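[1] Give me a model of this one.
(chains A and B)
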Amino acid sequence: NAGVMQNPRHLVRRRGQEARLRCSPMKGHSHVYWYRQLPEEGLKFMVYLQKENIIDESGMPKERFSAEFPKEGPSILRIQQVVRGDSAAYFCASGAESYGYTFGSGTRLTVV
Amino acid sequence: EDQVTQSPEALRLQEGESSSLNCSYTVSGLRGLFWYRQDPGKGPEFLFTLYSAGEEKEKERLKATLTKKESFLHITAPKPEDSATYLCAVHRGGSEKLVFGKGTKLTVNP
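    The predicted structure is shown next:
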């Protein structure tokens, strides 16, 4: 989707490896939301970050998952020691309620 | 806990056959209800935001309405290109996250 850039589009990792997903928000935005979409499930909120701050991480699994949004560069969602259950589509969004949140095209993570 | 239930899970229509999708929600202090369209392999695409009961919004063949407990997405004379999964989400006051339903997969046959 125009504006929010995610990469890579597809990522294959072996069990136990690390996955790094990147997201750049729309131009002029300094915040991002991360969501996960498991097969046959709805989108689930993971974390909300502003530059250099985690605002709400209530949806993040307690272990192996972390997120950051440095002063310079994209936001990173990091999954350590991936397991097959981490296979999903991960989406990033930015925007505001008044004009709708814009989602990126997502990163499809496959753990083999 | 905020909940969003969409029905039906899947809907097949013939081109030109109008219908409605339902989104029932339970949320304390609704700040906004969102409709998105999602095509296979893509991210959700924003359609509408509704804020208060009685509000309606339209875009081409789509019209969204809102009551205190549910929202409807009406599709008038659909075309095959309207085929997609339609997602409903709620935004609660004091929270930054959207809570999504599982979606309705719409297929429009020519």
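[2] Show the secondary-structure elements that the lowest-mean-pLDDT helix or strand in chain A is packed against.
    Evaluated with mean pLDDT, DSSP states H and E, the helix-and-strand set of chain A has its lowest mean pLDDT in strand A:100-103, which scores a mean of 90. Secondary-structure packing of strand A:100-103 (3 or more C-beta pairs under 8 Å, 6 or more residues apart in numbering or on different chains; DSSP states H and E): strand A:88-96, strand B:30-38, strand B:45-50. Bear in mind the C-beta positions are built from the backbone N, C-alpha and C, glycine included.
[3] For the next helix or strand after it, buried residues please.
    Note on strand A:100-103: by DSSP states H and E, the next helix or strand toward the C-terminus is strand A:107-111. Residues of strand A:107-111 classed as buried under the neighbour-count rule (16 or more other C-beta atoms under 10 Å in any protein chain shown) are A:107, A:108, A:109, A:111.
[4] how far does strand A:107-111 sit from the chain's center?
    For strand A:107-111, the separation from the chain centroid amounts to 12 Å (computed by C-alpha atoms, centre = their mean, to the nearest Å).
[5] Can you tell me how far residue B:40 is from residue B:75?
    Distance check for residue B:40 against residue B:75: by C-beta to C-beta, to the nearest Å, it reads 19 Å.
[6] Who has more neighbours out of those two?
    Neighbours around residue B:40 and residue B:75, counted as other C-beta atoms under 10 Å in any protein chain shown, are more numerous at residue B:75. The numbers are 22 against 8.
[7] List the contacts of the more buried one.
    Remark: with contacts taken as C-beta atoms under 8 Å, 6 or more residues apart in numbering or on different chains, residue B:75 is in contact with B:13, B:18, B:19, B:20, B:21, B:61, B:62, B:82, B:106.
[8] Please list only the buried members of these.
    By the neighbour-count criterion of 16+ other C-beta under 10 Å, the contacts of residue B:75 include these buried positions: B:13, B:21, B:62, B:82, B:106.
[9] which residues sit in contact with the third one?
    When contacts are counted by C-beta under 8 Å, 6+ apart, residue B:62 touches B:35, B:47, B:48, B:73, B:74, B:75, B:76.
[10] Same question for the last one.
    When contacts are counted by C-beta under 8 Å, 6+ apart, residue B:106 is found next to B:10, B:11, B:13, B:21, B:75, B:78, B:82, B:83, B:84, B:85, B:86.
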